[in-house]
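Q: need a structure here:
(chains A and B)
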2 protein chains.
Amino acid sequence: MNYSYEQLHSFTLGMLSKIGCSEKDAVTAADVLLSADLRGVDSHGVARLSGYVRLWEKGRINPTPNVRVVHETPSTAVVDGDGGLGLVVAPYAMKIAIEKAKIAGTGWVSVKNSNHYGIAGYHAMQALDHDMIGISMTNASPLVAPTFSQERLLGTNPIAVAIPAKDQPPFVADMATTTAANGKLEILQRKGMDTPIGWVQDKDGNPTTSTSGVKDGGALLPLGGDREHGSHKGYALGSIVDIFSAVLSGANYGPWVPPFVAFLEPDPNPVGEGIGHFFGAMRVDAFRPADEFKAHMDNWITRFRAATPTPGNEKVLIPGDPERELEAIRMKVGIPLLDPVVKDLTELGERFGVKF
Amino acid sequence: MNYSYEQLHSFTLGMLSKIGCSEKDAVTAADVLLSADLRGVDSHGVARLSGYVRLWEKGRINPTPNVRVVHETPSTAVVDGDGGLGLVVAPYAMKIAIEKAKIAGTGWVSVKNSNHYGIAGYHAMQALDHDMIGISMTNASPLVAPTFSQERLLGTNPIAVAIPAKDQPPFVADMATTTAANGKLEILQRKGMDTPIGWVQDKDGNPTTSTSGVKDGGALLPLGGDREHGSHKGYALGSIVDIFSAVLSGANYGPWVPPFVAFLEPDPNPVGEGIGHFFGAMRVDAFRPADEFKAHMDNWITRFRAATPTPGNEKVLIPGDPERELEAIRMKVGIPLLDPVVKDLTELGERFGVKF
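A: As a prediction, the model looks like this:
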C-alpha cells in the first residue's frame, strides 16, 4: 500500500517528538529520513524509524544533543555529535562545511559521536543550491570483509558526490563501497532468489550465492567482488571512508563501529566515540566562474546521455537519474511500504500514542 | 634483464635534457617516471618515455612551460600547465596544495593544459612527510565505456589516497577506476591468455574475454564489470575524477581528452585545454593532534593486518603493501625491462645520442 509523503513525514515528526527531540531537530531528521523513501533507498527510510527508537530506549541516542565544533581551521572542522541522531548531526556538520567553503573556498568536516545518518546523497545535495560540489561519507557497522579477510571489518561505507549543472539536473552519485548494498540482498531474500557470485562470502570466507550468507556469519564483499575483479579497490575505498570519517574525527573505526541494531551491544573497549561521518563542500567558483562550470557540466551530461547504448539497453544514465525520477513519481503517487514495515510502524505508533 | 634505478634515472634525465627540459624539470620528471618502475606499475615508467618524446616531436608537449596559478582562494587553486610534461606540472600543483593546507588546513588544486602525469600514487605520497593526507587523480584518453554505453567516454581515471601512520608504513591506495588497468590486459595479451569476464567489452558492447577487445574497438569496463556487480559505481567514480580534474579546471573531459599516443590526433574541436588532474592535501592536525591520529592509524593497520585470512590466502594486505615491498626489492636487484622496451629505449637513445 502507498502512503503519502506528508503522512509519513508527519508520523515521523510525531514519533521523534515523543522521544524528546526539539521540533526543529525532529523536522530536520524527518526530512532526511523521508528523502530515502522518496529516492527509493527504502532500507534507509521510515523502515528504520523503529530501529532509532529502540536505540534511544537503550540510552544509545541522545534526543537533546549539544552538537558542536570542537576543533577548526579556516577550511576544516571536527564536530562532536554528542550522541545525537545522525539525522540531526549530519545536516549540522554539512552546514559548517558549506559556511567554511563560502570563505575559504572549500570546507571539510569530520564528525565523531554520531550514529546512522540516513542516505549519504541527501547531505551531499545540500551543497547544490550554493553552487558548490557536496561530498558525504560515513562509516557503519562491520558487515564487509576486506579482500582475503574472513572477518567483517568494514561497514558498507557509502560515498556520495553531488555536482551542480545549469539546465540539466545535477550529477548525484550515492553508492555503498560494496558490490551490492545490504538492502538489495534483503530484496532477493524476500523473493527467495540467490545472489550473484561476488556479493557475499560465507562464514568460512568462500564465495556463496545464499542470501542468508551474511546472517549466517558471512560477509558482504567490497565493490569488485573478488581480487581478479578489483575487490582490493572496493576495500581501499571503504577503508578511506572509514579513516576520513572516524580516524580523523576520533570516532570508532573498523570492527569497533557500534552496531545500528539495539540487540547487539557496542564493543566494551571502544577506540573512539560513536560512529563517524565526513563531509566536504567545494565552491565551484573557487576554481572557475560558476556559469562556465555549469555550462560545461551540461555539456558533459548531454554527451554522456547521448552515447550509443549496448545491446538490450535503452540508454546511458547519469548518476542520480533513477533516484530523481523515482522521487517525482513517489511525490505524486505516494511511497509503497511493505506489510512488515506497516505492521512495525503501526505497533510503534500504538506504543507511543502517535496515530499511524 | 634488470637495470639499476640509477642507470634508468640517468638515461631518462639525459633524454629529457635533449628535448629541452631544464635540469630541474628533468630531475623532477625522472623521479616521477622511475617511481612507477620501482612500484611495479611498469606500464607508466620508462616504457612510456618514447611516448612522451613522440608527443614532443609532434609539438604536443612544451619542454619549457610557464606553469602557473591562474585562479585561487585560501584553500583552492587552478594551475595552467602550459602544455608541459604532466610529470613536471603535477608535482608543481601538488606543492601548491600542500602550501595551501599549511595555512588553510586543506589545499585543493585542479589542473588544466597538462598531459600524462605518471602514477597517481607518487603525487599523493608527497603529502606524507608533511603529516598530511594526499589525494591525486587524473583523467586520461577515453578507453572506458560507462555502464550501458557502447562508446568509450572515460579514461582509466585513477584515484590515489596516501595517509600517514606512526610506526607502520603509510596507507597508500592507488587504483584505476576500472576493473583492471590497461597494463594488466597487456600482460595477459603477451602470455596469450584470455581476460576474465568483467574486464572488457567488444566493439558491439558485448562482454568478451579477448585481450584484443579494446584494440578492436571495444572498451575497458568500469570497476564492477557489469550492472549486477556494481559497474555503475565504477562509472560514477571515473566520472567524478573526470569532472574534478577537467570540468573544474577547464581541461578537456570525457571523449575530448587528447590521446597519449602521438599517432592519434586530438579532437579538432576541444572543449578545454589539454588533460586535467586534481590534487588534495589535508593537514592531519587540522582535525586532531597528528600524534593521536597517527597512533590510531597504526591501530587501524595492525588490526586489519591481523584479520583471519580466507582459505588459500596467506594474509590481509593494507593498500600500498605490495608496491612498497616491490620497491625495496627493485632498489636492490634492479628493474626488469621487457625485450621490446629495451629495444625501444636503445633506439631512442641512439636517435638522440644518449647512451642507454
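
Q: Surely A:Asn206 and B:Pro311 touch.
A: Yes: between A:Asn206 and B:Pro311 there is a contact under Cβ atoms under 8 Å: 6.4 Å. Just so you know, the C-beta spots here come from the backbone N, C-alpha and C atoms, and that holds for glycine as well.

Q: between the two, which one's more packed in?
A: The residue with more neighbours, out of A:Asn206 and B:Pro311, is A:Asn206; 13 against 8, by other Cβ atoms under 10 Å in any protein chain shown.

Q: per-residue confidence for the more buried one?
A: Listed pLDDT for A:Asn206 reads 95.

Q: And for A:Ser43?
A: A:Ser43 is assigned a predicted lDDT (pLDDT) of 88.

Q: thought it was touching A:Arg190?
A: No: counting by Cβ under 8 Å, A:Ser43 does not reach A:Arg190; the two are 11.7 Å apart.

Q: And these two? Which one has more around it.
A: In terms of neighbours (other Cβ under 10 Å), A:Ser43 is the more surrounded of A:Ser43 and A:Arg190; the figures are 15 against 11.

Q: Could you report the distance from that one to A:Val341?
A: Separation of A:Ser43 from A:Val341 (Cβ to Cβ, to the nearest Å) stands at 10 Å.

Q: just A:Lys112 next, same as before
A: 31 Å.

Q: which one of these two has more residues nearby?
A: With neighbours defined as other Cβ under 10 Å, A:Lys112 and A:Val341 compare such that A:Lys112 has more, 26 against 18.

Q: SS state for that one?
A: Secondary structure assignment for A:Lys112 (DSSP: H, G, I helix; E, B strand; the rest coil): strand.

Q: Next, the buried residues of stretch A:315-332.
A: Within stretch A:315-332, the residues that qualify as buried are A:Val316, A:Leu317, A:Ile318, A:Pro319, A:Gly320, A:Asp321, A:Glu323, A:Arg324, A:Leu326, A:Glu327, A:Arg330, counting by 16 or more other Cβ atoms under 10 Å in any protein chain shown.

Q: Over to stretch A:187-202?
A: Under the neighbour-count criterion of 16+ other Cβ under 10 Å, stretch A:187-202 has A:Leu188, A:Gln189, A:Thr195, A:Ile197, A:Gly198, A:Trp199, A:Val200, A:Gln201, A:Asp202 buried.

Q: Tell me the residues of the stretch 1-150 of chain A that contact chain B?
A: Residues of the stretch 1-150 of chain A found near chain B (Cβ under 8 Å from any Cβ of the partner chain) are A:71, A:73-76, A:78, A:103-106, A:108, A:110, A:133, A:145-150.

Q: From those residues, keep the buried residues only.
A: A:71, A:73-76, A:78, A:104-106, A:108, A:110, A:133, A:145-150.

Q: Is chain B within reach of stretch A:203-216?
A: Yes: under the criterion of Cβ under 8 Å from any Cβ, stretch A:203-216 makes contact with chain B via A:Asp204, A:Gly205, A:Asn206.

Q: Endpoint to endpoint, that stretch covers what distance?
A: 7 Å (Cα to Cα, to the nearest Å).

Q: Burial check on the nearest residue to A:Pro259 once chain neighbours are set aside, number of neighbours?
A: Residue nearest to A:Pro259 in three dimensions, not counting chain neighbours: A:Ser141, with 4.5 Å by Cβ to Cβ, 6 or more residues apart in numbering or on different chains. A count of neighbours around A:Ser141, defined by other Cβ under 10 Å, yields 21.

Q: Name the helix or strand for A:Asn299, please.
A: Element membership for A:Asn299 (DSSP states H and E) is helix A:290-305.

Q: I'd like to check the angle between the helix or strand following that helix and helix A:290-305, please.
A: Toward the C-terminus, helix A:290-305 is succeeded by helix A:321-333 as the next helix or strand (DSSP H and E). Put simply, helix A:321-333 runs at 100 degrees to helix A:290-305, going by axes from the mean of the first three to the mean of the last three Cα atoms, to 10 degrees.

Q: which helices and strands does helix A:321-333 pack with?
A: helix A:23-39, strand A:171-175 (3 or more Cβ pairs under 8 Å, 6 or more residues apart in numbering or on different chains; DSSP states H and E).

Q: among the ones you listed, which is the most enclosed?
A: A comparison of the helices and strands packed on helix A:321-333 by mean neighbour count, using mean count of other Cβ atoms under 10 Å in any protein chain shown, puts strand A:171-175 on top with a mean of 24.

Q: partners of that strand, with directions?
A: Sheet pairing for strand A:171-175, assigned by DSSP bridges, gives strand A:159-163 (antiparallel).

Q: What residues of the strand it pairs with count as buried?
A: For strand A:159-163, the neighbour count (16+ other Cβ under 10 Å) marks A:Ile159, A:Ala160, A:Val161, A:Ala162, A:Ile163 as buried.

Q: doesn't A:Tyr122 make contact with the fourth one?
A: No: because the distance of 9.4 Å does not satisfy Cβ under 8 Å, A:Ala162 is recorded as not touching A:Tyr122.

Q: ranges for the helices of the stretch 151-300 of chain A?
A: With DSSP state H, counting those that start in this stretch, the ranges of helices along the stretch 151-300 of chain A come out as A:182-191, A:231-242, A:290-305.

Q: With distance to B:Met137 added, can I get the ones you listed in JSON lines?
A: Compiled in JSON lines, the helices of the stretch 151-300 of chain A are given as follows (distance: least, Cβ to Cβ, whole Å):
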{"stretch": "helix A:182-191", "distance to B:Met137": "28"}
{"stretch": "helix A:231-242", "distance to B:Met137": "13"}
{"stretch": "helix A:290-305", "distance to B:Met137": "16"}
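
Q: With mean pLDDT and distance to A:Leu128 added, can I get the ones you listed in JSON lines?
A: Listed next are the helices of the stretch 151-300 of chain A as JSON lines, based on pLDDT from 0 to 100; distance: least, Cβ to Cβ, whole Å:
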{"stretch": "helix A:182-191", "mean pLDDT": "84", "distance to A:Leu128": "25"}
{"stretch": "helix A:231-242", "mean pLDDT": "98", "distance to A:Leu128": "21"}
{"stretch": "helix A:290-305", "mean pLDDT": "98", "distance to A:Leu128": "11"}
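
Q: Adding distance to chain B as columns, could you present the ones you listed in TSV?
A: Shown next, in TSV, are these (distance: least, Cβ to the nearest Cβ, whole Å):
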stretch	distance to chain B
helix A:182-191	10
helix A:231-242	4
helix A:290-305	5
